[in-house]
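Trainee: Please work out how this folds:
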Amino acid sequence: MPDSIAPVDSSLTALQPVPAPEAAPSEFIGPHAADLLVPISFFAFTFCVSVLFMYFRFRTRRLIQEERMRAMELRIPVPPEPQRDRGNPFVMPLLLIGSGLGLFLLYLVADGDDRIVALGFAAITFFGGLGWLTAILLNKPARERRDRLAELETQAYVAAQERAGLSPGAPEPPAAG
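Mentor: Numbers count the residues shown, from 1 in each chain. Take a look at the predicted model:
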């Protein structure tokens with residue numbers, strides 16, 4: 001036996017794990033206050049996003065109102081109101097149907113194996129996406145009809161400006177008589 005190899009000490013075979021040192025509490029936040037940081041951050045973020053959404057919506061409506069008032073001052077036809085997209089009425093039902101089919105598939109195949117559960121959750125997304133795609137395809141004629149109507153309104157507005165003798169780019173006020 002070579003001299004460099006020491007005999008195995010039997011006391012080393014039964015080593016006990018060393019407990020991890022306790023995490024020191026933050027100097028600024030108490031040990032339980034850190035648990036409140038996540039919900040407070042979530043609600044603060046949600047509040048900020050809501051306020052920004054309302055601000056930009058108000059700003060857009062104010063600009064549209066100013067444009068309409070300027071057109072009235074110049075005695076030109078009022079620009080057509082922007083088309084409000086009411087959304088696709090097929091999206092939510094078909095998305096829910098697709099998600100329901102995916103959940104039903106999950107119920108049928110789930111037996112505790114992680115791969116099958118993952119396959120079931122993938123099916124939820126897949127069928128939900130198929131439902132959404134079907135909704136888009138079903139709504140295509142209505143969307144094209146709405147786009148044609150908006151184009152006709154824009155053409156009518158430009159024609160009315162030309163009849164009034166104003167260029168659409170930079171309208172000049174009519175001479176006061």
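Trainee: Where do the helices of the protein begin and end?
Mentor: Assigned by DSSP state H, the chain shows helices spanning 34-73, 91-109, 114-163.
Trainee: Just the mean pLDDT for the first one, thanks.
Mentor: Average pLDDT, helix 34-73: 88.
Trainee: returning to that earlier point: any chance of the helices of the chain in TSV, with distance to Pro79 and mean neighbour count too?
Mentor: Using the backbone N, CA and C atoms, a C-beta is placed for each residue, glycine as well. What follows is the helices of the chain, written out as TSV (distance: least, C-beta to C-beta, whole Å; neighbours: other C-beta atoms under 10 Å):
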stretch	distance to Pro79	mean neighbour count
helix 34-73	6	11
helix 91-109	30	16
helix 114-163	6	14
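Trainee: Nearest to Pro80, out of those helices?
Mentor: Closest to Pro80 of the helices of the chain, according to C-beta to C-beta: helix 114-163, at 4.1 Å.
Trainee: Quick one: the helices of the chain as CSV, columns for distance to Pro80 too.
Mentor: Output for these, formatted as CSV (distance: least, C-beta to C-beta, whole Å):
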stretch, distance to Pro80
helix 34-73, 10
helix 91-109, 26
helix 114-163, 4
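Trainee: Could I get the phi/psi values of the residue nearest to Glu67 when sequence neighbours are not counted?
Mentor: Nearest non-adjacent residue to Glu67, counting by C-beta to C-beta, 6 or more residues apart in numbering: Pro79, 6.1 Å away. Dihedral pair for Pro79: phi -60, psi 150, per degrees, to the nearest 10.
Trainee: Give me the pLDDT for Pro79.
Mentor: Looking at Pro79, its pLDDT is 72.
Trainee: go on, the one 4 residues further on?
Mentor: Reported pLDDT at Gln83 in the predicted model: 67.
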